[in-house]
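>>> Structure for the following, please:
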Amino acid sequence: MEIEKASATAGKCAPKIDSTQEGSEIMKILLIQPPKSPRTIGGEDVFIYEPLALEYLASAVTQDHDVKILDLRLENSFESTLTAFAPDIVGITAYTVHVNVVKTLFEKVKAWNPETLTVVGGHHATVSPEDFNSPFVDVTVTGEGVSVFKEIVRRFEKRESLGDIPGTIVARGGSMCRTDRSLDIDLDSFPFPYRSLTANYRAQYYSEWMKPLASIRTSKGCPYRCSFCAEWKVAGGRYYKREPQYIVEELAEIAEPYVFFADDESLIDAGRMTLLARLIEQAGIRKRYFLYGRSDTIARHRELLESWRKIGLERVFIGLEFIRDEDLRYIHKNSTAKENEEAIRILRDLDINIYASFIVRPDSSRSEFAAYPEYCRQMKLDYASFAVLTPLPGTDLYEETKDQLLTRNYDYFDFIHALLPTRLPLEDFYTELGHLYRRAVPLSRQLSLLKKFPPREIPNLLRTGRRFYQRLKTAHLDYAE
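Numbers count the residues shown, from 1 in each chain. Modelled structure (predicted):
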């Protein structure tokens, strides 16, 4: 696969556009949130956040065009929507686990109408755009897509060349022509997400008992350099922040009682977040919040968590990752086991629910597996998740281990399927992983957590749990493919 610089080849790289059709027109733009593959474990079986990226794109173009957001996690109406809506442009966002599904969707779009412009963006398009070198994908957007997509739509409307828009890669004649993206991003310059386009779905966005759950972005990027994460690379190593007053203004427009902060890391700038908490309180906004926080940040800033607890912080997703310093150093986490324990203590003292996330190394022994439940019970955790260490494209870990991958099928890049050789036989590995989920939190604490759910949702929750455990039991059979 060849990626050329568009500055020298813009004409050669631009998709063919009928220049005889001139003038402005109202176009129909379909933006799609893809579903997971049936092979993938987890995903929307566990949580469904609103498609914030698509709502941002819509906000940039909906004033002049007819825009529709289709959330295929919640409805299976792709073909009928194509026929009824008849879009001129189809845009789809993708994480790594969605790549195969998205390429299939684009193939169906082109089969329906070859003249429809197909645009892909999102995380995977940014870190591995070559995976979208396909006759069914016209434009790949890398990096922040709001302004870029607006320019794509403007040029397509005017029948102008798409070959030199910054932050795009245009397919033409089997090659991909890249125009470098800008890293100068002003998050406050973007209009608020156009949430009315997801009105039919909003009651179904959730994370555990937090339903309906809205999302808001207050920052982008991360100053840390964890080897298993590519978010800091996506942001060019920078940490972009929105001004607190604009966040408060957007929060005031959100109807949902629960709000998830869809940041790569929300608490790093303690001064800014303290100011934000004060402004939210002054504005009289009462929500129940869920956000990401590093253990070292929490350990150093108890007063910050106190101020947020006061205004409604209910839950913190905390990437503890490992329980040993040597493992934390292995992934360049730049935090310590002691800081993890201190962060847990602070959150428990403040009665803030802890969404504890751990990583399991594929080369874990039985004794290393057994250490996790003991730790979780010792720390009195109410909830714990266990992700298999996954070398995602774009990460340092991927570059270090890509020659060892057991599979390159992106359907299995779900943090449950082991992608690197395991010390234990695969069947035993998944047996141990299942034991983690069953044993890490005592039954009494699990039942206490269930009380947070509406009673009518508990039967479905239990069915979902049973399906998940059954998939873990049989996950080793997936490798036969």
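
>>> Check the spacing between the most centrally placed residue in the chain and residue 261 real quick.
The C-alpha lying nearest the average C-alpha coordinate of the chain belongs to residue 95 (CA atoms, centre = their mean; 6.8 Å). Distance check for residue 95 against residue 261: by CB to CB, to the nearest Å, it reads 18 Å. All C-beta spots, glycine's among them, are computed from the backbone N, C-alpha and C.

>>> before we move on, back to that, next one: the residue nearest to the centre of the chain from residue 42, what distance?
With distances defined as CB to CB, the gap from residue 95 to residue 42 amounts to 12 Å.

>>> Same check on residue 458?
The gap separating residue 458 from residue 42 is 20 Å, by CB to CB.

>>> neighbour-wise, which of those two wins?
residue 42 (17 against 12; other CB atoms under 10 Å).

>>> pretty sure residue 481 contacts residue 408?
No - judged on CB atoms under 8 Å, residue 481 makes no contact with residue 408 at a distance of 11.8 Å.

>>> Return every residue with contacts to both of these two.
Counting by CB atoms under 8 Å, 6 or more residues apart in numbering, residue 481 and residue 408 have no contacts in common.

>>> For the protein, give the helix that spans the most residues.
In the chain, ranked by residue count with DSSP state H as the criterion, the top helix is helix 458-474.

>>> Would you mind extracting the C-alpha trace of that helix into CSV?
Only the C-alpha atoms of helix 458-474 are listed here, as CSV (Å, rounded to 0.1, in the frame of the first residue of the first chain):
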residue,chain,number,x,y,z
ILE,A,458,-32.2,-6.6,36.6
PRO,A,459,-33.5,-9.7,34.7
ASN,A,460,-31.9,-8.4,31.5
LEU,A,461,-28.7,-7.5,33.3
LEU,A,462,-28.4,-11.1,34.6
ARG,A,463,-29.1,-12.5,31.2
THR,A,464,-26.3,-10.3,29.7
GLY,A,465,-23.9,-11.5,32.4
ARG,A,466,-24.7,-15.1,31.6
ARG,A,467,-24.1,-14.5,27.9
PHE,A,468,-20.8,-12.9,28.7
TYR,A,469,-19.6,-15.7,30.8
GLN,A,470,-20.6,-18.2,28.2
ARG,A,471,-18.6,-16.4,25.6
LEU,A,472,-15.6,-16.4,27.9
LYS,A,473,-15.9,-20.2,28.2
THR,A,474,-15.9,-20.7,24.4
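
>>> Going by neighbour count, which residues in it are buried?
468, 471, 472 (16 or more other CB atoms under 10 Å).

>>> which ones are touching the last one?
Contact analysis of residue 472 by CB under 8 Å, 6+ apart lists 41, 416, 430, 433, 434, 437.

>>> give me that answer again for 10 Å
With contact set as CB atoms under 10 Å, 6 or more residues apart in numbering, residue 472 has these partners: 41, 416, 429, 430, 431, 432, 433, 434, 435, 436, 437, 438.

>>> ok, now the first one?
When the contact criterion is CB under 10 Å, 6+ apart, the partners of residue 468 are 41, 42, 45, 46, 416, 434, 437.

>>> Can I get the buried ones among those as something I can paste into ChimeraX?
This is the ChimeraX syntax for the buried subset of the contacts of residue 468, where burial follows 16+ other CB under 10 Å:
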select :41,42,416,434,437
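
>>> Let me know the closest of the contacts of residue 468 to residue 277.
Nearest to residue 277 among the contacts of residue 468, counting by CB to CB, is residue 46 at 28.7 Å.

>>> tell me the domain ranges of the chain?
Under the assignment named as automatic domain parsing, the residue ranges that make up the domains of the chain are 3-179, 202-480.

>>> Comparing those domains by mean pLDDT, which bottoms out?
Here the lowest mean pLDDT among the domains of the chain goes to domain 3-179, at a mean of 89.

>>> so how far is that domain from its chain's centroid?
What separates the centre of domain 3-179 from the centre of its chain is 17 Å, taken as CA atoms, centre = their mean, to the nearest Å.

>>> Check stretch 342-355 too.
Centre to centre, stretch against its chain (CA atoms, centre = their mean), the figure for stretch 342-355 is 24 Å.

>>> Tell me the buried residues in it?
When neighbours are counted by 16+ other CB under 10 Å, the buried residues of stretch 342-355 are found to be 342, 343, 344, 346, 347, 350, 352, 353, 354, 355.

>>> Find residues that contact each of residue 95 and residue 42.
Taking CB under 10 Å, 6+ apart as the contact definition, residue 95 and residue 42 share the neighbouring residues 36, 414.

>>> thinking again about what came up before, would you turn the contacts of residue 468 into CSV with secondary structure and distance to residue 292?
Formatted as CSV, the contacts of residue 468 follow (DSSP: H, G, I helix; E, B strand; the rest coil; distance: CB to CB, whole Å):
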residue, secondary structure, distance to residue 292
41, coil, 22
42, coil, 18
45, helix, 21
46, coil, 16
416, coil, 20
434, helix, 26
437, helix, 21
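
>>> Give me the nearest residue to residue 49, chain neighbours excluded.
residue 215 (5.2 Å; CB to CB, 6 or more residues apart in numbering).

>>> The one you found touches residue 52, doesn't it?
Yes - in terms of CB atoms under 10 Å, residue 215 counts as a neighbour of residue 52; the distance is 4.9 Å.
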